[in-house]
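Asks: Predicted model and sequence follow; I will ask about them next.
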Amino acid sequence: MIPSLYAVTPDTVSRMHPAARESVFWELDPATAAEVVDAGSATLEKEAWINQVLLEQGGCGYSIGTAGDAEAIATVLFCAPEHASGVVQLPTAPVSPDAQLLTSLFIERRFGELGVESVLINAVILDLTRRGARAVEAFALRNPGATAARRDRGPRNPSGDADMDAVAIAARASEIGLPDIGVLEAAGFAVVADHDLLPRLRLSLPGQDLVWSEEAAELPLVTTPG
């Protein structure tokens, strides 16, 4: 079957990418997140978070999957900054007050170079543009190998080398859905707060009166896998 794009809703939350259902890194403050993980209730807390954000802002994510699969092959989540208590752990926090936050992007590794990430990010951009958001920001993982090359080319970030907390977060990138910087830059994001490992990027949105391309206007947003 051909995979389809569908919104995260109470009816499809169980069909999200499994790591997206289990991760509470972005949604809860670090102490609370550690407690719920230790208690084995992370999935329940994540579903409660999704229901709250859906109630308050009307949408919080998209998945890609097929009707025959129990779980999505990829899921992206986004929210207003006040719903993402976990960003205090990032060295380039906080999010700009006028921006929404693309928190996490989870994808099965075997689908990582097929354009699935672009479809999900474009769905978020279109959704937030329709709502009149001014910008969307995201934290990203920069390949450590690229960091050494940057040091030889120009100024480093003001904080110097990545500290141990940043290294620990970078090591959990796939677990917490931290997108690669190249994926975000390909979608038009640009670095606004630099860091050796965990920069923050931003994309200004064009406003509701933009005449979207035919391809974007026909992006198939459905509520159930098809």
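Replies: Okay, I see it.

Asks: Any figure for the gap between the closest residue to His83 other than its chain neighbours and Pro81?
Replies: Closest residue in space to His83, ignoring its immediate chain neighbours: Val53 at 5.3 Å, by C-beta to C-beta, 6 or more residues apart in numbering. The way it works is simple: take the backbone N, C-alpha and C, and place the C-beta from them, glycine included. According to C-beta to C-beta, to the nearest Å, Val53 stands 12 Å off from Pro81.

Asks: and those two? which has more neighbours close in?
Replies: For Val53 versus Pro81, the count of surrounding residues by other C-beta atoms under 10 Å is larger for Val53: 21 against 18.

Asks: Surely that one touches Glu82?
Replies: No. If you go by C-beta atoms under 8 Å, Val53 and Glu82 don't touch, sitting 10.1 Å apart.

Asks: The residue nearest to His83: what's it in contact with?
Replies: By C-beta atoms under 8 Å, 6 or more residues apart in numbering, the contact list for Val53 reads Cys60, Cys79, His83.

Asks: What confidence value was assigned to Arg109?
Replies: With respect to pLDDT, Arg109 scores 80.

Asks: Quick check: nearest residue in space to the most centrally placed residue in the chain, chain neighbours excluded?
Replies: Residue closest to the mean C-alpha point of the chain, counted by C-alpha atoms, centre = their mean, is Ser104 at 2.5 Å. Leaving out its chain neighbours, the residue that sits closest to Ser104 by C-beta to C-beta, 6+ apart is Gly177, at 2.8 Å.

Asks: Roughly how far does the one you found sit from Pro206?
Replies: Distance, Gly177 to Pro206, by C-beta to C-beta: 26 Å.

Asks: quick one, helices of this protein?
Replies: Using DSSP state H, the helices of the chain run over 18-22, 30-39, 42-57, 116-130, 144-153, 164-171, 173-176, 181-186, 214-217.
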